[in-house]
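Peer 1: Generate coordinates for the sequence data below:
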Amino acid sequence: MTRSKTLWFAPLALLWMGLHAGRAAAATIPADKLPEMAIPPSPPGPEAGYLRDIHAGIHKRWSDNFLRLVGEKLEPANQLNTPDRSAEIDLVIDADGKLISSSVARPSGFPGFDDAILEVIKDAVPFPTPPLAVRSDDNNLHLRWLFARDQRRCAGITVTRAYDPIAAAMPKLLREGRLDEGLNRVAFARAGGQPVEPQFTLLANERIKVALKQPWATVAMAQPAAGRGDPDAIAWLKAAVKRPELAAEAGAALSANKIAVCPLVKAGLEGANAAEQQTAALALGAAGEAACAPGLLKLMGNPKAKPEARAAAATALGPIDDDTARKALSEVVKNDGENATVRAAAMLAWVHPGSGRVKVIAMERTLRDPSPELRAASAAGVVRAGGDANLADLYVLFKDNDPRASMAALRELEHLKTEESTKLILRLMHRSNPEIEKVAADVVLRRTPHGDLSALKPYLDPATDPGVRGRALAVADGPLLTSLAGDPVLGIWVYRARLLRGEGDLAADWFLAYGTKLPPPAQAAALAEWAAAMRMPAAPKVSPTASTGPAPASPVKP
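Peer 2: Numbering: from 1, shown residues only. Prediction:
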């Protein structure tokens, strides 16, 4: 049987008839002449739309039916007509719009009024299906609803939330694709002083997956996920090796994860398209895969190819354990008439780590070459071939006004974890050249366990180049980091400093306050830094006599 539309009203009607038999109805109370107040505003989106829909159904039953009849049939002195009478009701509605429970959260002071509200609610079942965005963690919608005799009527409706602990809620939210709600939960947890590192890492990884579908995605975004074996990130890197602007980084990332690069680019390397050849060579820079050696040798030896393409081929031949490749590189190195870009690349590729004094002597011949490129390759080659034993030969760097040789030497010095190499790094950092200072600071920040973070303290001076000062914030005290958190240039370095120091929750606080205001590419880049940092050990605490440095938290940005 279908339920009568007015059946809910019958018990109360009988009660009123018994109490007020023979009494004349009074005029409508003043509140009935006023329009209903507006529903409290909600954020634009599913919540606002749903509240409008559910209110529309209740309004007909409460305002247009119950309150109208009470005003028409009962005198003003009746308790149902007390103008300021109101009650608050808690409702729980399931995902299909069925009423799970309704209870009086704040009674009106007159049971008949409260009972009428509950009857009106039951009569309105089923309710509109609540969208996912307004449901709580139990998959139900929770409402607090104010019902009143005055002009508030039934407009006082708000969504309440029943939250699971963030550790339980986050995986479910991410499975449902509710990434924004996940970020809200992180903010809610941090507002309560709770740690959020594991959950924020889960969220960061999911948001990076979404970012990888955007045209502005970067290798740095894919790399942490690829390191965990994520197939989507690996597929993205495999596609990226064919993009000229990403090929070198993507190829290095694949090689680091022991994924072959040659099969992905061999056709382009051996084809007739010059641009594809150069891109393939860039992708193979760190691969060391003999299968592509013939194509690289052909490209390096092609005098008609661009010098940049030939140099990329020379660099890619360096890690390949092949006598033919080594001989070809040696021939290019000996050719004084060769293009400087190609010769410099071949020179450094020709030198293997620890290859000894013979290679060092060969490098020293060009430490004073007129070409900055050759000087840079020679400086890096001396470090690579001789290690600590020949660092004294690099005194010429301090007489070279071009920064490239010092920067190349610094990148090689990063691989030497010795006291002597540390001394040279710190000396080069004091060259008073921002380009050199940045590279040196990056090496110090990534250096474990022989870095000296305290060496960065002088660069906290506000007069320092912002890029250098940003790196130095790794050794700043808490008040300074707090004061610079909102700085448009240095703010992101505050975040990086927190990550480097293992202060994950404070880094999350920065992201919630400032990172969420960044453009989407910058947001995703910051989350990629988080994802990389969470896979690294925290930097040691800094003291005035510290002699140890941090593990790399993430690629340090310029």
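Peer 1: which ones are touching residue 504?
Peer 2: Contact analysis of residue 504 by CB atoms under 8 Å, 6 or more residues apart in numbering lists 195-197, 200, 498, 530, 533-534. Yep, even glycine has a C-beta here, placed from its N, CA and C like the rest.
Peer 1: Residue 493: neighbour count?
Peer 2: Counted with other CB atoms under 10 Å, residues neighbouring residue 493 total 25.
Peer 1: which non-adjacent residue is nearest it?
Peer 2: In this structure, residue 493 finds its nearest non-sequential neighbour in residue 470, 3.2 Å apart by CB to CB, 6 or more residues apart in numbering.
Peer 1: that older thread, would you list the contacts of residue 504 in JSON lines and tack on neighbour count, secondary structure and pLDDT?
Peer 2: What follows is these, written out as JSON lines (neighbours: other CB atoms under 10 Å; DSSP: H, G, I helix; E, B strand; the rest coil; pLDDT from 0 to 100):
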{"residue": "195", "neighbour count": "14", "secondary structure": "coil", "pLDDT": "94"}
{"residue": "196", "neighbour count": "23", "secondary structure": "coil", "pLDDT": "95"}
{"residue": "197", "neighbour count": "15", "secondary structure": "helix", "pLDDT": "93"}
{"residue": "200", "neighbour count": "28", "secondary structure": "helix", "pLDDT": "97"}
{"residue": "498", "neighbour count": "25", "secondary structure": "helix", "pLDDT": "96"}
{"residue": "530", "neighbour count": "28", "secondary structure": "helix", "pLDDT": "97"}
{"residue": "533", "neighbour count": "26", "secondary structure": "helix", "pLDDT": "92"}
{"residue": "534", "neighbour count": "20", "secondary structure": "coil", "pLDDT": "89"}
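Peer 1: Low-confidence regions, the stretch 301-450 of the chain specifically.
Peer 2: 448-450 (pLDDT under 70).
Peer 1: looking at it, the residue nearest to residue 493 is touching residue 491, isn't it?
Peer 2: No: using CB atoms under 8 Å, residue 470 makes no contact with residue 491, being 9.3 Å away.
Peer 1: Between those two, which has more neighbouring residues?
Peer 2: Neighbours around residue 470 and residue 491, counted as other CB under 10 Å, are more numerous at residue 470. The numbers are 26 against 20.
Peer 1: The more buried one and residue 481: what is the separation?
Peer 2: 11 Å (CB to CB, to the nearest Å).
Peer 1: cool, residue 186 as well?
Peer 2: Taking CB to CB, one finds residue 186 at 20 Å from residue 481.
Peer 1: Around residue 336, count how many other residues there are.
Peer 2: Residue 336 has 7 nearby residues by other CB under 10 Å.
Peer 1: What segments of the stretch 251-400 of the chain are helices?
Peer 2: 262-270, 274-283, 293-300, 307-317, 323-334, 340-350, 357-364, 372-386 (DSSP state H, counting those that start in this stretch).
Peer 1: repeat for the stretch 451-558 of the chain
Peer 2: Using DSSP H, counting those that start in this stretch, helices in the stretch 451-558 of the chain cover 466-472, 478-484, 491-500, 504-513, 520-533.
Peer 1: among the contacts of residue 504, which two are most distant?
Peer 2: The distance between the two most remote of those (CB to CB) is 15.3 Å, for 195 and 533.
Peer 1: Tell me if I'm right that residue 32 and residue 71 touch.
Peer 2: Yes: applying CB under 8 Å, one finds residue 32 in contact with residue 71, separated by 4.8 Å.
Peer 1: returning to that earlier point: out of the helices of the stretch 251-400 of the chain, which is closest to residue 238?
Peer 2: Closest approach to residue 238 among the helices of the stretch 251-400 of the chain (CB to CB): helix 262-270, 5.6 Å.
Peer 1: okay, the angle between the closest one and helix 293-300?
Peer 2: Angle, helix 262-270 to helix 293-300, by axes from the mean of the first three to the mean of the last three CA atoms, to 10 degrees: 40 degrees.
Peer 1: From the chain's centroid, how far away is helix 262-270?
Peer 2: Centroid separation for helix 262-270 versus its chain: 33 Å, with CA atoms, centre = their mean, to the nearest Å.
Peer 1: residues making contact with the helix or strand residue 190 falls within?
Peer 2: For residue 190, the element it lies in under DSSP states H and E is helix 179-191. The contact list for helix 179-191 (CB under 8 Å, 6+ apart) reads 133, 163, 166, 169-170, 173-174, 195-196, 199-200, 202-203, 206-207, 210, 505, 508-509, 512, 516.
Peer 1: buried subset of those residues?
Peer 2: 166, 169-170, 173-174, 196, 199-200, 202-203, 206-207, 505, 508-509, 512 (16 or more other CB atoms under 10 Å).
Peer 1: Please report how far the closest residue to residue 194 other than its chain neighbours lies from residue 186.
Peer 2: Spatially, and ignoring its direct neighbours in sequence, residue 194 is nearest to residue 166 (6.7 Å; CB to CB, 6+ apart). Per CB to CB, residue 166 is found 7 Å from residue 186.
Peer 1: intersection of neighbour lists for the two?
Peer 2: 196, 199.
Peer 1: Now mean neighbour count and distance to residue 77 too, for the helices of the stretch 251-400 of the chain, in CSV please.
Peer 2: Formatted as CSV, those follow (neighbours: other CB atoms under 10 Å; distance: least, CB to CB, whole Å):
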stretch, mean neighbour count, distance to residue 77
helix 262-270, 19, 87
helix 274-283, 24, 88
helix 293-300, 22, 99
helix 307-317, 26, 94
helix 323-334, 17, 104
helix 340-350, 25, 98
helix 357-364, 18, 105
helix 372-386, 25, 97
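Peer 1: Verify the stated contact: residue 128 with residue 50.
Peer 2: Yes: between residue 128 and residue 50 there is a contact under CB under 8 Å: 6.6 Å.
Peer 1: out of the two, which sits in the more crowded spot?
Peer 2: Neighbours per residue, other CB under 10 Å: of residue 128 and residue 50, the larger number sits with residue 50, 22 against 16.
Peer 1: List the contacts of the more buried one.
Peer 2: 128, 130-131, 134.
Peer 1: And the residues you listed, which is closest to residue 259?
Peer 2: residue 131 (41.4 Å).
Peer 1: can you pull the contacts of the residue nearest to that closest one when sequence neighbours are not counted?
Peer 2: Among residues not flanking residue 131 along the chain, residue 46 sits closest, at 4.1 Å (CB to CB, 6+ apart). Residue 46 makes contact with 131-134 under the criterion CB under 8 Å, 6+ apart.
Peer 1: Which of these are buried, as a PyMOL select command?
Peer 2: Only the buried entries of the contacts of residue 46 go into this PyMOL selection, using 16+ other CB under 10 Å:
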select buried, resi 134
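Peer 1: Let's have the contacts of residue 46 in TSV, adding distance to residue 372 and secondary structure.
Peer 2: Formatted as TSV, the contacts of residue 46 follow (distance: CB to CB, whole Å; DSSP: H, G, I helix; E, B strand; the rest coil):
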residue	distance to residue 372	secondary structure
131	62	coil
132	59	helix
133	58	helix
134	63	helix
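Peer 1: from the contacts of residue 46, which is closest to residue 391?
Peer 2: residue 133 (61.0 Å).
Peer 1: so what's the closest one closest to, chain neighbours aside?
Peer 2: Using CB to CB, 6+ apart, the closest residue to residue 133 is residue 46 (4.2 Å).
Peer 1: how far away is the one you found from residue 159?
Peer 2: 10 Å.
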